[in-house]
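Participant: Got a predicted model here, sequence first, then my questions.
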Amino acid sequence: MKIFSAEQLKKADALTIKNQNITSEELMERAASLTTEEIHKRIQNAEIDIKIFCGVGNNGGDGLVIARLLIEKGYHVKVFVVNYTDKRSDDFLLNYERLKETTNDWPEYIKDEGDFPALSQNDFIIDAIFGIGLNRPLEGWIANLVKHINNSKAFILAIDMPSGLFLDRILKKEYQLISASFTISFQTPKLVFFLPQTMDYVGDLQVLDIGLDREFLNSEKTNSNLISKHEARVLYKPRKSNSHKGDYGHALIIGGSYGKIGSMVLTTTAALRTGAGLVSTFVPKCGYTILQTALPEAMVITDKNEEKLTNIDHSMDPSVICFGMGAGKDQMTVQAFKKLLQATEKPMLIDADGLNMISENKELLEFLPKKSVLTPHPKELERLIGEWEDDFDKLKKVEEFTKTYDVILVLKGSHTFTCAEGNIYINNSGNPGMATAGSGDVLSGIITGLISQQYEPLAAAILGVYLHGLSGDIVAENKSYQALISGDIAENMGAAFQSLFAD
Ligand SMILES: NC(=O)C1=CN([C@@H]2O[C@H](COP(=O)(O)OP(=O)(O)OC[C@H]3O[C@@H](n4cnc5c(N)ncnc54)[C@H](OP(=O)(O)O)[C@@H]3O)[C@@H](O)[C@H]2O)[C@H](O)CC1
Ligand SMILES: [K+]
């Protein structure tokens with residue numbers, strides 16, 4: 001799903017009104033009634049106090065329509081107008097009049113701290129103060145009102161987005177913004193909903209299709225995309241019935257050191273479970289028996305050294321090479337890695353200690369094969385690209401890096417971002433149970449397994465990240481977040497492939 005900027009959404013809004021021959025007020029009514037239906041579905045006529053805070057722009061207008069429709073359904077609703085200016089949008093004014101025709105309990109005005117209503121933990125609060133029109137940080141009594149709402153500990157539903165959140169920048173900590181429990185957003189999600197610094201303010205997210213102009217949505221270019229099942233499915237390549245293992249490539253997985261051979265077992269299992277035709281694993285000698293015992297399907301090649309990689313001597317022509325998991329950073333291993341990079345032209349996948357070796361020996365960067373996939377977690381990324389001011393600055397630096405070295409960066413996190421060629425693909429599968437030892441090793445194996453089957457590296461990264469999360473979701477459903485271990489993710493790849501096409 002495309003992720004649009006505020007400007008693009010406003011354009012979509014205007015085009016919809018023109019092309020569908022409707023008024024802006026009708027579009028607001030549509031968005032707000034769909035939202036009301038979602039609220040009604042969830043709260044089922046509950047006898048709770050619903051307190052709606054409405055700004056005086058169109059986000060506030062949405063709030064007024066939701067208030068009217070909820071009152072018509074018999075809910076207890078109290079509306080507060082957050083009077084941050086004397087200007088009002090037309091649709092706010094119109095819906096203000098309509099609300100007054102629906103109820104005798106007229107909205108209360110908030111103009112300063114003295115007007116703040118008492119709030120209870122049991123209230124259901126709807127935040128319709130600011131939406132995509134926010135253009136400066138919240139200050140003075142408005143900021144204090146937001147603090148007051150957050151402090152209530154009530155359930156907070158944000159309309160379109162939490163008030164105070166910007167779409168294109170991140171504010172310093174001292175500025176206030178609504179910390180929502182749930183956000184219902186119109187038409188497309190917003191990039192900030194997925195950034196580590198801002199995602200916690202959004203709570204659970206639902207995106208409502210409010211029927212904005214299809215043609216515009218389809219043709220308008222964006223560089224951020226959310227990858228859910230629909231987008232992942234499109235990348236999948238079915239297997240031909242008339243095929244043999246040679247069609248699915250030969251993956252070479254290199255890494256491991258004394259005490260860290262487990263990582264090689266995980267990566268190798270994942271590559272096999274993802275469908276690589278053949279997998280050879282290159283490890284220090286101490287890994288030989290472990291791998292041969294754990295995975296009879298894999299072939300094993302060993303270094304001359306017992307405990308670490310010192311010379312990656314293989315006589316294969318692999319379809320893809322995956323390097324780094326559990327490898328350590330011994331100087332001999334760095335030299336072996338350098339020789340490997342110099343001798344390899346096909347895209348590689350580099351993870352873990354492979355990335356750390358590059359960070360500590362930046363001259364290795366120039367040998368990186370084009371379109372290689374690098375899979376850093378936040379600390380590894382920082383070592384690679386340097387510190388960043390905030391998440392937007394990080395994305396800018398990531399873009400520069402991917403363009404300079406023509407590589408694909410997979411930024412692992414609760415929403416993993418795959419970045420290449422100026423585009424960002426935000427993953428929407430996975431769960432907190434996957435924050436566990438070895439989860440990254442499995443991801444490396446999955447992406448390697450896909451590249452081995454001739455997926456383009458970028459497609460392999462996007463689909464691999466999605467399948468990794470999907471498999472983790474399937475495991476968590478049966479085992480809980482806590483009990484999920486990385487081997488489960490690899491073992492459940494079969495269920496993940498099946499689920500990709502199950503509705
Ligand atoms: N296409 C859609 O998705 C639809 C969106 N709808 C809803 O409309 C809002 C956007 O409404 P808009 O009126 O453009 O903007 P806001 O309601 O967010 O803000 C209103 C004005 O508030 C002023 N402002 C901005 N920041 C501050 C601040 N920090 N303090 C005080 N005032 C502020 C600003 O006006 P100024 O003239 O003062 O600059 C804003 O214009 C969208 O989010 C949806 O909820 C439609 O209902 C349906 C279609
Ligand atoms: K809002």
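Facilitator: Now that the structure is in, tell me what you want to look at. Nothing here was measured: the structure is a model prediction, and the numbers come from that model. Numbering: from 1, shown residues only. Ligands and ions are numbered 1, 2, ... in the order given.

Participant: Quick check: closest non-adjacent residue to Leu355.
Facilitator: The spatial neighbour of Leu355 that comes closest, neighbours along the chain excluded (Cβ to Cβ, 6 or more residues apart in numbering), is Glu380 at 4.7 Å. No exception for glycine: its C-beta is placed from N, CA and C like everyone else's.

Participant: any idea which helix or strand carries the one you found?
Facilitator: Glu380 is part of helix 378-385 when elements are defined by DSSP states H and E.

Participant: Just the buried residues of that helix, please?
Facilitator: When neighbours are counted by 16 or more other Cβ atoms under 10 Å, the buried residues of helix 378-385 are found to be Glu380, Leu381, Leu384, Ile385.

Participant: swap in stretch 482-490?
Facilitator: Residues of stretch 482-490 classed as buried by neighbour count (16+ other Cβ under 10 Å): Leu484, Ile485, Ser486, Gly487, Asp488, Ile489, Ala490.

Participant: Output the below-cut-off pLDDT ranges for this protein.
Facilitator: For the chain, no stretch has pLDDT under 70.

Participant: any idea how far the closest residue in space to Lys245 that isn't next to it in sequence is from Ala251?
Facilitator: Using Cβ to Cβ, 6+ apart and skipping residues adjacent in sequence, the residue nearest Lys245 is Gly277, 3.8 Å away. From Gly277 over to Ala251 the distance is 8 Å, taken as Cβ to Cβ, to the nearest Å.

Participant: Find residues that contact each of these two.
Facilitator: Common neighbours of Gly277 and Ala251, counting by Cβ atoms under 8 Å, 6 or more residues apart in numbering, are Ser452.

Participant: Would you mind telling me which of the two has more residues around it?
Facilitator: For Gly277 versus Ala251, the count of surrounding residues by other Cβ atoms under 10 Å is larger for Ala251: 30 against 18.

Participant: The more buried one and Ser452 touch, don't they?
Facilitator: Yes. When contacts are counted by Cβ atoms under 8 Å, Ala251 is listed as touching Ser452 (4.1 Å).

Participant: So for the two, which residues contact both of them?
Facilitator: Common neighbours of Ala251 and Ser452 are listed as Ala271, Ala276, Val279, Ser319, Val320 (criterion: Cβ under 8 Å, 6+ apart).

Participant: Quick check: residues of the stretch 151-300 of the chain near ligand 2?
Facilitator: Applying Cβ under 5 Å from the ion, we find that the stretch 151-300 of the chain lies next to ligand 2 at Ala158, Ile159, Ser163.

Participant: Would you list the buried entries among these?
Facilitator: Buried members of these, scored by 16+ other Cβ under 10 Å, are Ala158, Ile159, Ser163.

Participant: wait, isn't the first one in contact with Phe182?
Facilitator: What it means is Ala158. Yes. With contacts defined as Cβ under 8 Å, Ala158 counts as touching Phe182 at a distance of 7.2 Å.

Participant: which residues are common contacts for the two?
Facilitator: Counting by Cβ under 8 Å, 6+ apart, the residues touching both Ala158 and Phe182 are Gly203.

Participant: Val207 belongs to a helix, doesn't it?
Facilitator: No. With DSSP: H, G, I helix; E, B strand; the rest coil as the criterion, Val207 is assigned strand and is not in a helix.

Participant: Now do the same contact list for the residue nearest to the spatial centre of the chain.
Facilitator: If you average the C-alpha coordinates of the chain and look for the closest C-alpha using Cα atoms, centre = their mean, you land on His415, 2.9 Å from that point. For His415, the residues meeting the contact criterion (Cβ under 8 Å, 6+ apart) are Phe194, Met199, Ile426, Asn427, Asn428, Gly430.

Participant: Alright, I will stop here.
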